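>>> Sequence first, then the predicted structure:
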Amino acid sequence: MTRNIHPLLIAGTVLVFMFLVGPLIIVLGAALSDTTYLTFPPQGLSLRWFENIFQIDAFRRTIFTSLQIALLSTVIALIIGIPAAYALNRHRIQLPGWLSTLFILPVLVPELVLGFSLLKNLAVQFNSPIYLSLLFGHSLIVLPYVIRVISASLASFDFSIEEAAISLGSPPLKTFFTILLPNVRSGVIAAFILAFITSINDVSISIFLTGPGLSTLPIQLLAHMEQFFDPTVASVSVLLMLLTVAVMAVVERTLGLTFLAK
Amino acid sequence: MTQSLTLDSISAHYGSTQVLENLSLAVGEGELVSLLGASGCGKTTTLRLVAGFLQPTSGTITLGGRDLTRLPPHQRDIGLVFQNYALFPHLSVADNVGFGLKQRGISGDAKTKRVGAMLDRVGLAHLADRLPAALSGGQKQRVALARALVIEPPLLMFDEPLSNLDAKLRIDMRVEIRQLQRANGTTSVYVTHDQEEAFSISDRVAIMHAGRIMQLDTPEILYQRPANAFVARFVGFENLIAMKVVERDGAKITAEMAGGIRLTLPLEQFGAIPDSFILACRADGLQVTDNAAMEGIPATLGLRTYLGRAYQYQAETPAGALIANGPLTRPLDAGVTAKLVPVPEQCTILAPEAV
Ligand SMILES: Nc1ncnc2c1ncn2[C@@H]1O[C@H](COP(=O)(O)OP(=O)(O)O)[C@@H](O)[C@H]1O
Ligand SMILES: [Mg+2]
């Protein structure tokens, strides 16, 4: 069976694809270049700029911080966000409509404003430790994504299933874990990935909340770029991409499989 | 170990809206009582109260003498069958059915055995390993039924369990439900908006309207002797004619309706007739004839429709618009003047009501 596809449609698809993938290829190429300056196409092939990241102490530390903050803030956002999304959807009829909007406000407020006010009110006012401020800020910006994504998968969840389980003798809290969670598994995975990516790539909040002795990878990258214009920028970018993909794969596997095994 | 259920003066609200008003209901041991009524009359609300998903604002609910009113839903031990089946999408048929047993600490061989026996009874043993998504509507409802029955609950409740199935399967399934319910002798409450379904499988039927039970009786009594105008209309008495007795004469009375039209009615058929009453007649209970000599309600015939067993006429009378049936042998045209003759066996007498 063959179908005629309009040539313009094919051309359009190719263009969009190139537009999406093109920059990634350029960054990857530049990162592999053997030169001391940023260039594309790469001249010579080398992994020295990747090696370079790990030789610079600040990068080594910030990779670890970024991963830690991203994982922790994602987990915190899930712990708060899943029950919140559940309550919002379970009691949608009884709750006022603006309540679910309230939970996406942090994405509507410009992140710079949010970052600045967190700095002023949290870090300065209460003199809270940098690490905690940073973690709090990241949890705050990823929470709306978690609530949004989980809400989307709960929207199609039939809550009478939960009532069926309860009527068969399963207490409500147990029902939440054995019946509800397995059925929004894909939503939880999607929320995890989205939150993690948002956190690990964040600049605008982190730029306010990082401080002496504590920085994240993108902020460290900015600092590096102010002094050097070598392919480290490209190699760190590639590293960020790889980290993201790796986390996606791990989450898919573990979360996907453990939920399935139940 | 079946038990009787009582609801005593239950009222329920959603916010400030009252949904049930002083509702009382007693379901005997092993009895199947249906709640029948139009959408929105409070049937599901009643089930949710008994199941414990909703708290009454006043009144008590007891099952086998035990007060359920404040018991959390997971401790009530009631089998529920939902309209949309509500199967656990991520569990196999066998695990769905075994879910309630697992909550009761029954596992291993004992569980496998009981699940197997239950699946046998509903004819689904060969589908034990399937996921619900791979089942037809009828099969899903059988799994839901098996899941509720296997825990051997003292009370079973069904909320429109057949309304997502096609007509033929609905009839098969309702027979199956009734047989299983009879065999186990489980006290049951069955919610439906389908009169035929309710009448065919119930010991007694509660006809509900706006959060109240209008009449609770056996299907036979409801069908022949409705207690009020609402129930009369519900079970198909299309014509309700207000009348006043003008003369009592031994075994019969003469009564008058609007427009001064008089009818003679035999007491033997209706029992006592109060001075002021409503004559309720099915369309079959008003026979159309063009024989002007007969005693009846004079009428001008309107639209004629074919019912298979008779012709049905929309008729204009001094007592208002009525619906009457006439013989197939003698179709009459619109505009013809005719008489509508009451057939006592197809009519009943109601007490007059404040409208
Ligand atoms: N969660 C709810 N919030 C507010 N009103 C509701 C809710 N559920 C049902 N109702 C209202 O209560 C009344 C009875 O509903 P229900 O018991 O579901 O009727 P039935 O099952 O007979 O169709 C209806 O008027 C309905 O609109
Ligand atoms: Mg309902």
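Received the coordinates, thanks. Note that the coordinates shown come from a computational prediction; the quantities given were computed from them, not determined experimentally. Ligands and ions are numbered 1, 2, ... in the order given.
>>> Residue in the stretch 51-200 of chain B with the shortest distance to ligand 1?
When scored by CB to the nearest ligand atom, the stretch 51-200 of chain B has residue B:191 as its residue closest to ligand 1, at 6.6 Å. C-betas here are computed from N, CA, C, even on glycine.
>>> Contact distance from ligand 1 - what residues of chain B qualify?
Residues of chain B that fall close to ligand 1, judged by CB under 6 Å from any ligand atom: B:14, B:19, B:37, B:39, B:40, B:41, B:42, B:43, B:44, B:45.
>>> wait, what's in contact with the last one?
Applying CB atoms under 8 Å, 6 or more residues apart in numbering or on different chains, we find residue B:45 in contact with B:12, B:19, B:20, B:54, B:211.
>>> Does the last one touch residue B:41 like I think?
Yes. Taking contact to mean CB atoms under 8 Å, the distance of 6.8 Å between residue B:211 and residue B:41 places them in contact.
>>> tally of neighbours for residue 227?
In the absence of a named chain, this looks at chain A. The local packing of residue A:227 (other CB atoms under 10 Å in any protein chain shown) involves 7 other residues.
>>> that's the wrong chain, I meant chain B
17.
>>> which one is it nearest to, not counting chain neighbours?
Leaving out its chain neighbours, the residue that sits closest to residue B:227 by CB to CB, 6 or more residues apart in numbering or on different chains is residue B:215, at 4.7 Å.
>>> same check, this time on residue B:45
In space, and not counting its chain neighbours, residue B:45 is closest to residue B:19: 5.0 Å by CB to CB, 6+ apart.
>>> for the helix or strand hosting the one you found, which positions count as buried?
Assigned by DSSP states H and E, residue B:19 belongs to strand B:17-27. By neighbour count on 16 or more other CB atoms under 10 Å in any protein chain shown, the buried set for strand B:17-27 is B:19, B:20, B:23, B:25, B:27.
>>> Can you tell me which of the residues you listed is nearest ligand 1?
Closest approach between these and ligand 1, by CB to the nearest ligand atom: residue B:19, at 4.2 Å.
>>> show me what contacts the closest one?
With CB under 8 Å, 6+ apart, residue B:19 has these contacts: B:12, B:13, B:42, B:45, B:211.
>>> okay if I get the residues you listed as TSV plus pLDDT?
Shown next, in TSV, are the contacts of residue B:19 (pLDDT from 0 to 100):
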residue	pLDDT
B:12	96
B:13	94
B:42	95
B:45	96
B:211	94
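>>> Okay, and which of the residues you listed map to helices?
Counted as lying in helices by DSSP state H, out of those, are residue B:45.
>>> Go through the contacts of residue B:19 and say which is closest to ligand 1.
residue B:45 (3.3 Å).
>>> Can you give me the distance of the closest one to chain A?
14 Å (CB to the nearest CB, to the nearest Å).
>>> before we move on, back to that, can I get the strand holding residue B:19 in CSV, CA atoms only?
Written as CSV, here are the backbone C-alpha positions of strand B:17-27 (Å, rounded to 0.1, in the frame of the first residue of the first chain):
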residue,chain,number,x,y,z
THR,B,17,-28.6,21.7,47.5
GLN,B,18,-30.7,19.1,49.1
VAL,B,19,-30.6,15.9,47.0
LEU,B,20,-32.4,13.4,49.3
GLU,B,21,-35.2,14.3,51.5
ASN,B,22,-36.1,12.1,54.5
LEU,B,23,-35.7,9.0,52.5
SER,B,24,-36.5,5.7,54.3
LEU,B,25,-36.1,2.3,52.8
ALA,B,26,-36.0,-1.3,54.1
VAL,B,27,-34.5,-4.1,52.0
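>>> what is the rounded mean pLDDT of it?
Taken as a whole, strand B:17-27 has a mean pLDDT of 95.
>>> and if you look at stretch B:158-171?
For stretch B:158-171, the per-residue pLDDT averages 92.
>>> Need the contact partners of that stretch.
Here stretch B:158-171 makes contact (CB under 8 Å, 6+ apart) with B:43-44, B:47, B:80-85, B:137-138, B:141, B:144-145, B:173-174, B:177, B:188-194, B:197.
>>> Give me the buried subset of the residues you listed.
Among these, those scoring as buried are B:43-44, B:47, B:80-85, B:138, B:141, B:144-145, B:173-174, B:177, B:188-193, B:197 (criterion: 16+ other CB under 10 Å).
>>> Identify, from the contacts of residue B:19, the entry nearest to residue A:27.
residue B:45 (60.4 Å; CB to CB).
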